[in-house]
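# need a 3D model of the sequence below.
(chains A and B)
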Amino acid sequence: MKKFFSARKLNIILSVSAIVLMWLVWIISYYSVKNDYIIPSFSATVKSFFLCFAESGFWIAFCMTMLRTFAAFAVSFASAALLAALSVSVNGVSAFLKPIMVFLRTVPTLAVILVLLVWTNREAAPVAVTFLVLFPMIYSQLTAAADGVDKKLLQMVKVYGIKRSDVIRKIYLPQISVSIFSQTGANISLGLKIMISAEVLSLTYRSLGGLMQSARGYLEMPRLAALTLVAVLAGLLIDAAFSQLKRINAKWLYGEKNAH
Amino acid sequence: MRIKGLTKKYGNLTVYENFDMDLQDGKITCVLGGSGSGKTTLLNCIAKLTDCSGDLPQVNCAYVFQTPCLIPNLTLRGNLKLVCGDDGAIDGMLEKVSLSGMGDRYPVSLSGGQAQRVGIARAFLFGGDIILMDEPFNSLDLKLKTEISSLFADIQKEYNRTALVVTHDVDEALALADRIAVISGGKIVYDAETQRCGGEITDKDKIRRELVSALLA
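Predicted coordinates:
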């Protein structure tokens, strides 16, 4: 097949095929069940999807959810970056943090939401839960990226006595940035998913999760599906934006011609 | 330049015990040895890349590794600027290693031979007391190996720098060295100075035979 299509075109065709396949599964499921309260029709969902955009309440909820997601990501990233830097540069920090990270990675999210709802409020609990999921994950990604820096290059800078600031600016940061840009889109998408789940459980006012919970309460299945579609599209857009940033970063690091 | 009483152990494995060696200033010394004979360890001890005991020369080392060790996100000029701030010197050295006009290229766009030349250029630009070379031509084909090793020898003569080259290739040692030592079991088992006439070693065949038998012993 590669003879007929370039790799890029082939990837686009395969992605579109996967979307068509998911749409077909939906249509077939709908016609198999034929019950709008279980699986809403595609046309009713699309109608509800566009109706959402006309509601100011939807936009406020959408923006608040995105804002909470980005805030949770920013705090997670800053904390993870700080601790990853300490863990790489100070002996013993990594061993000290290891059990804490294992605990944070394995602690059940639902249990944490319930506890946090007692301690905090409906707006703060989803942010805290998203932080608790993203923080250990980003920490692991950053430490792995720092550990992945070519050991021979580090020997070379030691032999030639290259300044520590140059080593950080010219070796560590550029090489870690490749990993950051390739993983941040997926991290924020995952954060959005966790945020919405936590909002649903917390019944957060002015949130996508809150709107979904209310749609479920009134058995508005097309609206519930439409809100889910909004969340999926938002995640895809974030992913696409970071893929683009990753390309720009590669061009900046390795020059226009060598970015691939 | 003198190494005296070098002792290096990896756990229970003793690589060197009271190892002594002299290096002649301005000359190329080649150390030959089989795999695991401690050739790279010797360089790493001198460059202080590994812990060891003994009296080692307190010198600034330039190091040409087996792989060129270039920072991929910096241009050739950017890589060289880390060790030498003088743009003129960088351009001059790039010309010497036949890479003039390529300073703005990135390492990924270079062939293996070109990248290794940048490694050699960096070593000479650094201006240390000794150049350590760890099988620097190992990954190159025979033609490139000959071309780059003679390029290195020419620049070394011009700059009159002390160099310690480790290799397992007898021909490479014969082509480069002013002195050849064979290491086995943490000791020097063969040591000979070479006499050259018009760049070629005199009684090359005799030295080759002696080297091969020292390596096989």
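# for A:Val167, what are its contacts?
A:154, A:157 (Cβ atoms under 8 Å, 6 or more residues apart in numbering or on different chains). Just so you know, the C-beta spots here come from the backbone N, C-alpha and C atoms, and that holds for glycine as well.
# tell me the secondary structure for it?
The local conformation at A:Val167, judged by DSSP: H, G, I helix; E, B strand; the rest coil, is helix.
# now swap in B:Lys4 and tell me
B:Lys4 ends up strand, using three-state DSSP.
# how does chain B divide into domains?
Per automatic domain parsing, the structural domains of chain B span B:2-59+B:129-216, B:72-126.
# break chain A down into its structural domains.
Domain ranges of chain A: A:1-34, A:41-254, per automatic domain parsing.
# so can I have TSV of these showing mean pLDDT and distance to B:Met133?
Output for these, formatted as TSV (pLDDT from 0 to 100; distance: least, Cβ to Cβ, whole Å):
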stretch	mean pLDDT	distance to B:Met133
domain A:1-34	86	40
domain A:41-254	92	12
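# tell me where chain B has strands.
Per DSSP state E, chain B carries strands over the ranges B:2-10, B:13-22, B:28-32, B:53-55, B:61-64, B:130-134, B:162-167, B:179-184, B:187-193, B:196-197, B:200-201.
# sorry, back to before: among the domains of chain B, which is nearest A:Arg223?
With respect to A:Arg223, and counting by Cβ to Cβ, the nearest of the domains of chain B is domain B:72-126 at 48.4 Å.
# residue numbers of chain A in contact with chain B?
Counting by Cβ under 8 Å from any Cβ of the partner chain, the positions of chain A adjacent to chain B are A:150, A:152-153, A:155-162, A:166, A:170-171, A:174-175, A:253-255, A:257-258.
# what about those, which are in strands?
Per DSSP E, the residues of chain A next to chain B never map to strands.
# need the buried ones from these selected in PyMOL.
Per 16 or more other Cβ atoms under 10 Å in any protein chain shown, the buried members of those correspond to this PyMOL selection:
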select buried, chain A and resi 153+155+156+157+159+160+162+170+171+174+175+253+254+255+258
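# helix, strand or coil: sort out A:Ala234 for me.
Going by three-state DSSP: A:Ala234 is helix.
# and B:Leu23, its phi and psi?
Per-residue torsions, B:Leu23: phi -120, psi 130 (degrees, to the nearest 10).
# swap in B:Gly85?
With angles defined as degrees, to the nearest 10, B:Gly85 sits at phi -80, psi -10.
# what pLDDT does the model give it?
Confidence at B:Gly85, expressed as pLDDT, is 87.
# from chain A, how far off is it?
Look at B:Gly85 and chain A: by Cβ to the nearest Cβ, to the nearest Å, they are 12 Å apart.
# do the same with B:Val212
For B:Val212 relative to chain A (Cβ to the nearest Cβ), the value is 31 Å.
# that residue: what's it in contact with?
Counting by Cβ under 8 Å, 6+ apart, B:Val212 touches B:Val170.
# and the gap between it and A:Tyr31?
81 Å (Cβ to Cβ, to the nearest Å).
# what mean pLDDT does stretch B:196-205 get?
Computed over stretch B:196-205, the average pLDDT equals 71.
# for A:Ala231, give me its contacts.
Residues in contact with A:Ala231 (Cβ under 8 Å, 6+ apart) are A:192-193, A:196, A:208.
# which pair in those residues spans the largest distance?
A:Lys193 and A:Leu208 (10.8 Å).
# more neighbours, the two?
A:Leu208 (27 against 16; other Cβ atoms under 10 Å in any protein chain shown).
# residues touching A:Leu245, list them.
A:181, A:184.
# need the three-state assignment for it.
A:Leu245 is classified as helix under three-state DSSP.
# burial count for B:Lys143?
B:Lys143: 9 neighbours (other Cβ under 10 Å).
# in chain A, which spans are helices?
Taking DSSP state H as the test, the helices found in chain A are A:7-33, A:42-52, A:56-89, A:93-106, A:109-119, A:124-147, A:151-159, A:164-167, A:173-202, A:208-217, A:221-254.
# which among those helices is found nearest to B:Ala181?
Among these, helix A:151-159 sits nearest to B:Ala181 (Cβ to Cβ), with 22.2 Å.
# so what touches the closest one?
A:166-167, A:171, B:47-49, B:61-63, B:65, B:67, B:69, B:71, B:82.
# now distance to A:Phe181 too, for those residues, in TSV please.
Shown next, in TSV, are the contacts of helix A:151-159 (distance: Cβ to Cβ, whole Å):
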residue	distance to A:Phe181
A:Asp166	22
A:Val167	21
A:Ile171	17
B:Ala47	34
B:Lys48	36
B:Leu49	32
B:Cys61	36
B:Ala62	34
B:Tyr63	32
B:Phe65	29
B:Thr67	26
B:Cys69	25
B:Ile71	18
B:Leu82	24
